[in-house]
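>>> Predicted coordinates and the sequence they were generated for:
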Amino acid sequence: MESSNSNHRPSTDGAQDASRNGSSSEHNASSGERRPGPDGRNTPSEPPQSVPGLSSKRQRMQERHQARKRGRTPPESVFSRRQRSRSPNRNGEAQRRSRSPLQPRSPPADEAPRQRKRPGGGARMGIVDAQTMRRRQEERERAEEEDAARYARSQGVSDVVRQHYNAVPERGREWRKTESKIKGLRSFNNWVKSTLIQKFSPDEDFSAQFDDPKDWADDSMGPPPAHENKLLVLDLGCGKGGDLGKWQLAPQKVDLYVGLDPANISVEQARDRYATMRSGRGQRGRRPPPNLFHAEFYPKDCFGESLGDVQIVQQVGFDANAGPGGSMMASRWGGGGFDVVTSMFAIHYAFESEEKARQMLSNVAGSLKKGGRFIGVCPNSDVIISKVKEFHQRRKQHEAAKASATEAPEDGEVEEEERVTWGNDIYQVRFPGDTPEDGIFRPPFGWRYTYFMKEAVEEVPEYVVPWEAFRALTEDYNLELQYRKPFLDIWEDEKNHRELGPLSERMGVRDRMTGQLTMTDEEKEAVSFYHAFCFYKV
Ligand SMILES: C[S@@+](CC[C@H](N)C(=O)[O-])C[C@H]1O[C@@H](n2cnc3c(N)ncnc32)[C@H](O)[C@@H]1O
């Protein structure tokens, strides 16, 4: 769900609003933002050296020192990773690859051509070959047609999703906080995303300085040390930029935020939102937040395509060989340059096919450095499985009752629904096709349902993310599971946390007077459809 605005799963900017105190100092707001070329890449005419806040020589030196400390030197831009001479890339791989021992050898010159066994056999073989070749050709053509049809279908779904998100209006913070019928749900979803960012975005070194990453916020301990390494963050499916404020409040400061999303209008809105943040417009006191990170936004399908052609991703560091095809060397020396890859309410679009799910994971693993974190939220397949099983049990009971009944159904008697569907006034899940009786989605890709949410989503196609299959797949990409929790369990675990508890009140998640969640029962049911996760790149 788009945090703030009205993207899909709705949310607000409570975290950001809540902690703005108007005491920020004046900020040099010269625009370092680059616009994408027509293909969504950076235009080379606007190199990333124009990063704000790094204008003085001293700052550049300091930055270089920091980068070196964490094993990065910035040859082209402050965000470029170390030139890894040993890091395999496509070309390097090709050069290193030894000749296959199974490669066909040409016969020695003195070897006489072999005698055919029977005269005329060649001619007969020719006939057989022609038939075989025709059959193979037909098979190839059929496979190509199927591929093309599959691609067209997938493009159709991607287009529907993109158009949907592009069309969701940006209604503004005030509307979301006052007029929205699902204010409580919006705030809660934002609080969960903030919690995930607070808990898992800091790196090991940062966390090691404090028992709890939030200890730095304790007044007695003072602010975080000035020399801390700052984070490089990549957001897959950034939507309208609703999480920018949450990243501004991350315990370990953010240096660079890259937001990618195929919905080009959402991407423009995210850019505008960032520009507004930088200018200080919309802030109390109209001052830009101090030390606001640099951010770039590009339209990009992050699940159907490699991120290797996004210039800023390349500059930070991207390993095109991440995943099962990669060599030992690649997994040892390869890897990307980002500290955190985040994907909030988006990875379910990747589970349309194995190819897309793998592409998504390859993009995540290829962007993350070793020790980097992949955090996200998505629909919880446990919920879907239990609903599907319930449905089939009900259906069987109904069929059994029907078979033993002697009388025909009376007028007005409603037949049991044919397909799995559930929800309430504010959200609805509907499977248009068959579902597995045992609730096991096998193969784990392509299980499509439509999702509706009041004020936010008009029946958009989504895909089940069968959790166990997803987790198994992540292992191929050196991603190790650290955390997985359903939304309402996160609340139970963290509601009394000394930072996250008060944050929930500032965000309007918990009523200060009653101490209760502000969500209605219907909203609670809607948020219980989701869970959150964190993987480490090993
Ligand atoms: C519910 S919105 C969430 C937006 C944002 N992450 C948030 O939490 O506010 C889902 C987003 O996923 C994006 N999305 C859909 N398909 C995608 C793809 N193939 N690659 C990247 N993002 C995609 C949509 O365009 C949309 O912006």
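Sure, I can see it. Numbers count the residues shown, from 1 in each chain.

>>> wait, what's in contact with the nearest residue to Ala270 once chain neighbours are set aside?
Excluding its sequence neighbours, the residue lying closest to Ala270 (CB to CB, 6 or more residues apart in numbering) is Gly241, at 3.0 Å. The way it works is simple: take the backbone N, C-alpha and C, and place the C-beta from them, glycine included. Counting by CB atoms under 8 Å, 6 or more residues apart in numbering, Gly241 makes contact with 4, 259, 269-271, 273-274, 297.

>>> my guess is Gly241 is in a helix, correct?
No. Gly241 is assigned coil when assessed by DSSP: H, G, I helix; E, B strand; the rest coil, not a helix.

>>> any idea how far Pro262 is from it?
Distance, Gly241 to Pro262, using CB to CB, to the nearest Å: 15 Å.

>>> One more: Arg394?
38 Å.

>>> Of these two, give the one with the bigger neighbour count.
Legend: neighbour count by other CB atoms under 10 Å for Arg394 and Pro262, higher for Pro262 (22 against 12).

>>> and the spatially closest residue to that one that is not a sequence neighbour, how many neighbours?
Leaving aside its chain neighbours, Pro262 sits nearest to Asp301 (4.5 Å; criterion: CB to CB, 6+ apart). As a burial measure, Asp301 scores 22 neighbours (other CB under 10 Å).

>>> phi, psi of Asp301?
Main-chain torsions, Asp301, degrees, to the nearest 10: phi -80, psi 110.

>>> So for it, what's the pLDDT?
Reported pLDDT at Asp301 in the predicted model: 97.

>>> pretty sure it is in contact with Val267, am I right?
No. The pair formed by Asp301 and Val267 falls short of the contact definition of CB atoms under 8 Å, at 11.8 Å.

>>> right, is the host helix or strand of Glu458 up against the ligand?
Per DSSP states H and E, Glu458 falls inside strand 457-463. No. Using CB under 6 Å from any ligand atom, strand 457-463 never reaches the ligand; the gap is at least 7.5 Å.

>>> In its sheet, which strands sit next to that strand, and in what direction?
strand 448-453 (antiparallel) (DSSP bridges).

>>> that older thread, what are the contacting residues of the strand holding Glu458?
8-9, 157, 160-161, 164, 168, 348-352, 379, 428, 430, 445-452.

>>> Toward the C-terminus, what is the element adjacent to it?
Tracing the chain C-terminally past strand 457-463 and defining elements by DSSP H and E, one meets helix 467-475 next.

>>> buried set for that next one?
For helix 467-475, a neighbour-count test (16 or more other CB atoms under 10 Å) marks 467, 469-470, 473-474 as buried.

>>> Next: stretch 345-359.
Buried positions in stretch 345-359, judged by neighbour count with 16+ other CB under 10 Å: 345-353, 356-359.

>>> That one spans what distance, first to last residue?
Counting by CA to CA, to the nearest Å, you get 17 Å between the two ends of stretch 345-359.

>>> Okay, Glu505 and Met277: tell me how far apart.
Taking CB to CB, one finds Glu505 at 23 Å from Met277.

>>> Equivalent analysis for His531, please.
According to CB to CB, His531 and Met277 sit 29 Å apart.

>>> Please apply the same query to Asp261.
Using CB to CB, we find Asp261 at a distance of 18 Å from Met277.

>>> swap in Val267?
In terms of CB to CB, Val267 sits 16 Å off from Met277.

>>> And Val420, by the same measure?
Val420 is 42 Å from Met277, by CB to CB.

>>> Please apply the same query to Arg134.
Counting by CB to CB - Arg134 and Met277 are separated by 64 Å.

>>> out of those two, which sits in the more crowded spot?
Met277 (22 against 10).

>>> What strand or helix carries the more buried one?
Per DSSP H and E: Met277 is located in helix 264-279.

>>> now the residue nearest to Leu479 when sequence neighbours are not counted, what's its secondary structure?
Using CB to CB, 6+ apart and skipping residues adjacent in sequence, the residue nearest Leu479 is Phe535, 4.0 Å away. Put simply, Phe535 is strand when judged by three-state DSSP.

>>> In contact with Phe535, which residues?
Phe535 makes contacts with 373-375, 474, 479-482, as judged by CB under 8 Å, 6+ apart.

>>> right, and out of those residues, which lies closest to the ligand?
Ile375 (11.4 Å; CB to the nearest ligand atom).

>>> hmm, back to that, look at the residue nearest to Ala270 and report its pLDDT.
Looking at Gly241, its pLDDT stands at 97.

>>> Okay, it and Asp261: tell me how far apart.
9 Å.

>>> Which residues are in contact with each of the two?
With CB under 8 Å, 6+ apart as the test, Gly241 and Asp261 both reach 270, 297.

>>> sorry, back to before: can you redo the buried residues of stretch 345-359 as CSV with secondary structure, pLDDT and distance to the ligand?
Output for the buried residues of stretch 345-359, formatted as CSV (DSSP: H, G, I helix; E, B strand; the rest coil; pLDDT from 0 to 100; distance: CB to the nearest ligand atom, whole Å):
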residue, secondary structure, pLDDT, distance to the ligand
Phe345, coil, 98, 4
Ala346, coil, 98, 4
Ile347, helix, 98, 9
His348, helix, 98, 9
Tyr349, helix, 96, 4
Ala350, helix, 97, 7
Phe351, helix, 98, 11
Glu352, helix, 96, 9
Ser353, coil, 96, 12
Lys356, helix, 97, 7
Ala357, helix, 98, 11
Arg358, helix, 98, 13
Gln359, helix, 97, 9
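
>>> What separation do you get for Ser306 and Ala322?
Going from Ser306 to Ala322 by CB to CB gives 10 Å.

>>> In contact with the closest residue to Ala320 other than its chain neighbours, which residues?
Leaving out its chain neighbours, the residue that sits closest to Ala320 by CB to CB, 6+ apart is Gly308, at 4.9 Å. By CB under 8 Å, 6+ apart, the contact set of Gly308 is 314, 318, 320, 366.

>>> For the residue nearest to Leu479, give the beta-bridge partners.
Here Phe535 shows beta-bridge partners Phe374, Leu481, assigned using DSSP bridges.

>>> Just the pLDDT for it.
98.

>>> Need the phi and psi values for the residue nearest to Ala320.
Dihedral angles phi and psi of Gly308 (degrees, to the nearest 10) take the values phi -60, psi -20.

>>> So what's the predicted local confidence for it?
With respect to pLDDT, Gly308 has a value of 97.

>>> Compute the distance between it and the ligand, please.
Distance check for Gly308 against the ligand: by CB to the nearest ligand atom, to the nearest Å, it reads 15 Å.

>>> do the same with Glu399
37 Å.

>>> burial count for that residue?
The number of residues packed around Glu399, counting by other CB under 10 Å, is 11.

>>> Of all the residues in the helix or strand hosting it, which ones are buried?
Using DSSP H and E, Glu399 sits in helix 381-404. For helix 381-404, the neighbour count (16+ other CB under 10 Å) marks 381, 383-385, 387-389, 391 as buried.

>>> Just the helices from the stretch 151-300 of the chain, written as ranges.
173-178, 183-200, 204-208, 244-248, 264-279 (DSSP state H, counting those that start in this stretch).

>>> Need the phi and psi values for the residue of the stretch 201-350 of the chain at minimum distance from the ligand.
Here the residue of the stretch 201-350 of the chain nearest the ligand is Gly239; by CB to the nearest ligand atom that distance is 2.8 Å. Backbone torsions of Gly239, given as degrees, to the nearest 10, read phi 60, psi -140.

>>> count of residues packed around it?
Neighbours of Gly239 under the rule other CB under 10 Å: 29.

>>> same thing with Arg173?
Count around Arg173 with other CB under 10 Å applied: 18.

>>> measure it to the ligand for me?
Distance, Arg173 to the ligand, by CB to the nearest ligand atom: 13 Å.

>>> how about the residues of the stretch 51-200 of the chain that lie near the ligand?
Checking the stretch 51-200 of the chain against the ligand by CB under 6 Å from any ligand atom, the hits are 161-162, 165.

>>> Between these, identify the one with the most neighbours.
Tyr165 (25 neighbours).

>>> my guess is that one meets Gly239, correct?
Yes. Counting by CB under 8 Å, Tyr165 does reach Gly239; the two are 6.7 Å apart.
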